[in-house]
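**Student:** prediction below, plus the sequence it came from.
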Amino acid sequence: MFLRRQLLLASALALTSKARAQSDPWAELRTGAAMALLRHAIAPGTGDPANFAVNDCSTQRNLSAQGIAQASRIGTLFREKGVAQARVFSSQWCRCLDTAKGLGLGPVEPQPLLNSFFGSPEDGRPQTQALRAWMTGLPPGRLVVLVTHQVNITGLTNIVPASGELLFVTARAADPLTVIGRVAAE
């Protein structure tokens with residue numbers, strides 16, 4: 001009886017370990033089965049000034065020195081987890097572009113669907129639907145990192161991420177967007 005319990009316990013532990021290994025968000029990201037959503041690094045304040053212009057960083061909220069360092073640390077974390085290169089898409093806002101470049105994972109491609117709709121919340125639902133459709137249309141098996149804003153991530157996931165927080169998501173056309181992991185950057 002004792003031996004049977006030990007075998008059952010060992011089997012249960014093996015299954016638990018296997019399930020954990022299969023749900024490792026970094027492994028899912030590396031295989032392209034998941035993608036990373038990243039809220040831009042620390043940029044003090046809320047929203048943007050009244051004179052905001054997307055092509056003029058001097059009119060925007062930008063990364064602080066702490067935010068620049070945070071973006072670099074997040075890039076180091078990616079490399080420590082086996083991700084040295086990725087296809088990186090970013091909002092056109094300077095704080096997102098600077099975060100994306102600070103990761104050091106490769107060229108950054110601006111993607112307007114990742115732009116903030118904070119100043120025009122009426123655009124939130126249609127933009128979120130278009131973003132989700134675009135995400136599900138990306139070629140499978142590619143390692144993808146999306147750098148965007150809190151409102152966009154919340155619109156997709158119902159999660160309010162901290163500055164520099166990573167969410168690992170699966171995005172398949174037939175399924176709802178699924179969050180499979182979170183990492184809060186320091």
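**Tutor:** Happy to help now that I have it. Numbers count the residues shown, from 1 in each chain.

**Student:** gap between the residue nearest the centre of the chain and residue 115?
**Tutor:** Among the residues of the chain, residue 37 comes closest to the average C-alpha position under CA atoms, centre = their mean, at 1.4 Å. Distance from residue 37 to residue 115, counting by CB to CB, to the nearest Å: 14 Å. C-beta here means a position set from N, CA and C on the backbone, and glycine is covered the same way.

**Student:** what's the answer for residue 131, then?
**Tutor:** On the measure of CB to CB, residue 131 and residue 115 end up 10 Å apart.

**Student:** do the same with residue 93
**Tutor:** From residue 93 over to residue 115 the distance is 7 Å, taken as CB to CB.

**Student:** neighbour-wise, which of these two wins?
**Tutor:** Neighbour comparison, residue 93 and residue 115: the larger count goes to residue 93, with 25 against 20 (by other CB atoms under 10 Å).

**Student:** tell me the contacts of the more buried one?
**Tutor:** By CB atoms under 8 Å, 6 or more residues apart in numbering, the residues touching residue 93 are 40, 48, 54, 60, 115-116, 149.

**Student:** and these, which two are furthest apart?
**Tutor:** Considering CB to CB, no two members of the contacts of residue 93 lie farther apart than 40 and 54, which are separated by 14.1 Å.

**Student:** the more surrounded of these two?
**Tutor:** A direct count of neighbours by other CB under 10 Å for residue 40 and residue 54 places residue 40 higher, at 30 against 16.

**Student:** for the more buried one, what are its contacts?
**Tutor:** Residues counted as contacts of residue 40 (CB under 8 Å, 6+ apart) are 63, 67, 91, 93, 95-96, 98-99, 147-149, 163-164.
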